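Enquirer: Need coordinates for the following:
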Amino acid sequence: MTTRWLTPEEQRAWRAYIAASRLLEDAIDRQLQQEGGMPHLFYSVLATLSDAPGRRLRMTDLAEALKITRSRLTYVVNRLERDGLVRRENCAEDKRASLAVLTDEGTAVLERTAPGHVETVRSLLFDRLTAEQVGQLEEICAGIAHGLQGEGAKTGTDDVPWRRRSSCS
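Expert: This next block holds a predicted model:
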């Protein structure tokens, strides 16, 4: 099998993507730690639940929305539950499933933290792009995500994070 090495242009694009994504995630994490006392993933759980009907989602659906493993989500929800920001409920439709529910306290934390988060995202990302580049960014990222999880992706159960089982299962 022959290795398909990256062209110089692809190598530069790859390195630019890695640098930008790491720097952006670090800056967002720092802002959320300073203003909300939580990492970006914790904030993302709260924000995703706030957008859900009744501020609740099945844990498996929440893991899929966040593109993370179920075991990682369980850890995060445990921490948020301990802080009173989220609670778990049994799912009436499926006794094996549980729901993550955003509490009123979690909503209040999200409402206090969201303005600073949005300003950080705007200043670090969108203020640096033209309207055309914003559209291109969306198209590029959607195409990559679709390729990794859509019809063209492998079809095994372990191909996407939220379906992976931990090695301890």
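Enquirer: number of nearby residues for His146?
Expert: Neighbour count for His146, taken as other Cβ atoms under 10 Å: 12. No exception for glycine: its C-beta is placed from N, CA and C like everyone else's.
Enquirer: Roughly how far does the most centrally placed residue in the chain sit from Arg58?
Expert: The chain has Leu66 as the residue nearest its centroid, 3.7 Å off, counting by Cα atoms, centre = their mean. From Leu66 over to Arg58 the distance is 13 Å, taken as Cβ to Cβ, to the nearest Å.
Enquirer: same check, this time on Val134
Expert: Val134 is 32 Å from Arg58, by Cβ to Cβ.
Enquirer: just Glu105 next, same as before
Expert: 22 Å.
Enquirer: So between these two, which is more surrounded?
Expert: Arg58 (16 against 13).
Enquirer: list the helices and strands the biggest helix by length in the chain packs on?
Expert: Ranked by residue count, the top helix of the chain under DSSP state H comes out as helix 8-36. On a contact count with 3 or more Cβ pairs under 8 Å, 6 or more residues apart in numbering; DSSP states H and E, helix 8-36 meets helix 40-51, helix 104-124.
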